[in-house]
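Chemist: dropping a prediction and its sequence here:
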Amino acid sequence: MYTYHRERFLYNFNWQFERPVQVLPTLREMFFMSDMREPEYIGFMSTLQQQRLIVEQLRREAAIRRINVSQAVEEIKKYIAEHEQEDYLLIGFSSQKSNPFREKSSCSVI
Amino acid sequence: MGPKEDPAVTGLKKEIESLKQTLKSAQDAANDSTLENVCSGLNEVPRLRLQTKRLLKGHIHKVNSVHFSGDSRHCVSGSLDGKLIIWDTWTGNKVQIIPLRSSWVMTTAFSQSGNFVASGGMDNMATVYDLNNRDSSGVAKVTRELAGYDGFLSCCRFVSDQKLVTGSGDMKICLWDLTSGKRIGEWFGHAGDVVSMSLKPDDSENVFVTGSVDQSAKLWDLREKAAVQTFWGHSADVNSVCFHPSSVAFCSASEDKTARLFDLRSDQQVAQYVNPGGGGGGSVENSTGGFTSSGLSKSGRYLFAGCDDSNIHMWDLLKGCHTGTLGGHENRVTSISVADNGIALASCSWDQNIRIWVC
């Protein structure tokens, strides 16, 4: 689970092999939330309090109002269409003068 | 045989399972169409031809993080050589070099105003530097050293010049008041390191989304005590999240070699993006590497993701097709940042360089 981060810090600046010390989270903190897929965590959770918190959180999440995917995507489409003209990565620059990254010419007006 | 289970615990377990079912069915009920269907009438966008307009050299070790300032001109980069460099991307010059007390930097953030930068990493602290206030040797002064984490600092963002929100390896999210140096809030909820966060464009003072090693992304509101929504779908660490400029959706990029688009109001994943991969198969198995970072263009039409294979991949968000690759880096791309004005994309890599891509 932590391999991505562990891998990045095996060598320090002087190319010496150094494994940084990483403090693991406490058990209490680790099992606060259960997971939608089959739990490695649920097996450990035995305290009533933690599970009550999870139940409350799931109740809150289940109670939110949802709109249909089709409507949601329509709104994303609309936003993109409205802002396409401002997206310089998409359309580029009509006049290079407004591009701050253009190559500056070597001639300048004295 | 283990000890006998408390009946109250069993009862709660059943309730958890049934609530999960309710959640799933409510989401499925809202899932009345797919992105392909809704966008089938759209034309494909022309291929983006982005080039490296600036190659920022200066770091002497892997660069882990880059972030643009609100002025879309300056950016900060943090590297394992123990330095933060503030670059002027228009000229390619280094504006400031800040030596860090610990070289294990994992994240950097530039405030919207451009006045402060924050960094943190394996030192388990977040340090804030004031760029306008330099000491006698010309180096930006440390305004705050925020300690109190039980794990490494993996991501941070300035909510404003006075407030910093951070995500860390101890799975919590902290809100700090920079004027007093005190923690004003702490949020639990993730079951793994909180590795990435992104502020909501239209409510950046209060709402943000985080991505975590527990394979989920969560939406938080600083006014609420717990996560507002949780998004599942990824099958490995969610390395990066980025809000869509429309503020109603966000994209995420993950170790599972996919990038996904999640919609806030229908509370679910609406699209998935993979690399075409070596075999041209478009499947996850053929894909070349996990994604480390993500970004969206100003209109939100283009999705960028930095990958372990040293390239930045681009997709048309609405059509779902992979439209190109930005090659140039020689090693894993660790972080990308799109400027607020949408003109440039900055990317940094283990090859010690930062590239600014412009159309």
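Modeler: Cool, the structure landed. It should be emphasised that the depicted structure is a prediction, and the values quoted were computed from it without experimental measurement.

Chemist: can I take it that residue B:306 is in a strand?
Modeler: Yes: secondary structure of residue B:306 (DSSP: H, G, I helix; E, B strand; the rest coil): part of a strand.

Chemist: residues contacting the residue lying closest to it once chain neighbours are set aside?
Modeler: For residue B:306, ignoring the flanking residues on the chain, the nearest one in space by CB to CB, 6 or more residues apart in numbering or on different chains is residue B:333 at 3.3 Å. In this view, the C-beta of every residue, glycine as well, is placed from N, C-alpha and C. By CB atoms under 8 Å, 6 or more residues apart in numbering or on different chains, the contact set of residue B:333 is B:292-293, B:306-308, B:310-312, B:347-349.

Chemist: if you count contacts, what does the worst-scoring helix or strand of chain B on mean pLDDT end up packed against?
Modeler: Counting by mean pLDDT, DSSP states H and E, the weakest-scoring helix or strand in chain B turns out to be helix B:35-38, with a mean of 85. Helix B:35-38 sits against helix A:69-83, with contacts defined as 3 or more CB pairs under 8 Å, 6 or more residues apart in numbering or on different chains; DSSP states H and E.

Chemist: any residue of the very next helix or strand once past the helix it packs on up close to chain B?
Modeler: Sequence order places helix A:88-91 as the next helix or strand after helix A:69-83, per DSSP states H and E. Yes: residues of helix A:88-91 contacting chain B under CB under 8 Å from any CB of the partner chain: A:88-91.

Chemist: among these, which one lies nearest to residue B:157?
Modeler: Lowest distance from residue B:157 to the residues of helix A:88-91 next to chain B (CB to CB) belongs to residue A:89, with 22.0 Å.

Chemist: ignoring the adjacent residues along the chain, who's closest to the closest one?
Modeler: Closest residue in space to residue A:89, ignoring its immediate chain neighbours: residue B:297 at 4.6 Å, by CB to CB, 6+ apart.

Chemist: if I pick that neighbour, what's in contact with it?
Modeler: Residue B:297 touches A:87, A:89-90, B:304, B:338, B:342, counting by CB under 8 Å, 6+ apart.

Chemist: same question, residue B:315
Modeler: The neighbours of residue B:315, taking CB under 8 Å, 6+ apart as the test, are B:259, B:273, B:302-303, B:305, B:321-323.

Chemist: which of the residues of helix A:88-91 next to chain B are buried?
Modeler: Neighbour-count burial (16 or more other CB atoms under 10 Å in any protein chain shown) applied to those gives A:88-90.

Chemist: re earlier: bridging across strands, which residues link to the residue nearest to residue B:306?
Modeler: Beta-bridge partners for residue B:333, by DSSP bridges, are residue B:349.

Chemist: which residues does stretch B:51-58 contact?
Modeler: The contact list for stretch B:51-58 (CB under 8 Å, 6+ apart) reads A:101, B:77, B:85, B:87, B:89, B:92, B:94, B:97, B:328, B:344, B:352-359.

Chemist: same deal with stretch A:55-67?
Modeler: With CB under 8 Å, 6+ apart as the test, stretch A:55-67 has contacts from A:33, B:12, B:15-16, B:19-20, B:22-23, B:26-27, B:29-30, B:189, B:226-230, B:265-267.

Chemist: OK, contacts around residue B:115?
Modeler: So residue B:115 contacts B:130-132, B:161 (CB under 8 Å, 6+ apart).

Chemist: can we see that at 10 Å?
Modeler: B:69-70, B:129-133, B:143, B:158, B:161 (CB atoms under 10 Å, 6 or more residues apart in numbering or on different chains).

Chemist: and those, which is closest to chain A?
Modeler: Distance to chain A across those (CB to the nearest CB) is lowest for residue B:69, with 13.8 Å.

Chemist: burial count for that closest one?
Modeler: Neighbour count of residue B:69, defined by other CB atoms under 10 Å in any protein chain shown: 25.

Chemist: any regions of chain A where pLDDT drops low?
Modeler: The model of chain A has pLDDT under 70 over residues A:1-46, A:105-110.

Chemist: which among the contacts of residue B:115 end up buried?
Modeler: B:69-70, B:129-131, B:143, B:158, B:161.

Chemist: pull the most distant pair out of those.
Modeler: The distance between the two most remote of the buried ones among the contacts of residue B:115 (CB to CB) is 18.1 Å, for B:70 and B:143.

Chemist: what residue ranges in chain B score low on pLDDT?
Modeler: Low-confidence segments of chain B, defined by pLDDT under 70: B:1-5, B:277-287.

Chemist: which one's the longest helix in it?
Modeler: The longest helix of chain B (DSSP state H) is helix B:7-30.

Chemist: for that one, buried residues please.
Modeler: Using 16+ other CB under 10 Å as the test for burial, helix B:7-30 gives B:12-13, B:15-16, B:19-20, B:23, B:26-27, B:30.

Chemist: start to end distance for stretch B:43-52?
Modeler: 27 Å (CA to CA, to the nearest Å).

Chemist: quick one: the closest residue to residue B:71 other than its chain neighbours from residue A:74, how far?
Modeler: By the measure of CB to CB, 6+ apart, the closest residue to residue B:71 outside its immediate chain neighbours is residue B:114, 5.2 Å from it. As judged by CB to CB, to the nearest Å, residue B:114 and residue A:74 stand 36 Å apart.

Chemist: which one of those two has more residues nearby?
Modeler: Taking other CB under 10 Å, residue B:114 and residue A:74 do not tie; residue B:114 has more neighbours (19 against 14).

Chemist: most proximal residue of the stretch 51-200 of chain B with respect to chain A?
Modeler: Closest contact between the stretch 51-200 of chain B and chain A, by CB to the nearest CB, is at residue B:53 (4.2 Å).

Chemist: and that residue, helix, strand or coil?
Modeler: Classified using three-state DSSP, residue B:53 is strand.

Chemist: what's the neighbour count on it?
Modeler: 20.

Chemist: in the stretch 101-250 of chain B, which residue sits closest to chain A?
Modeler: Of the residues in the stretch 101-250 of chain B, the one nearest chain A is residue B:246, at a distance of 3.7 Å by CB to the nearest CB.
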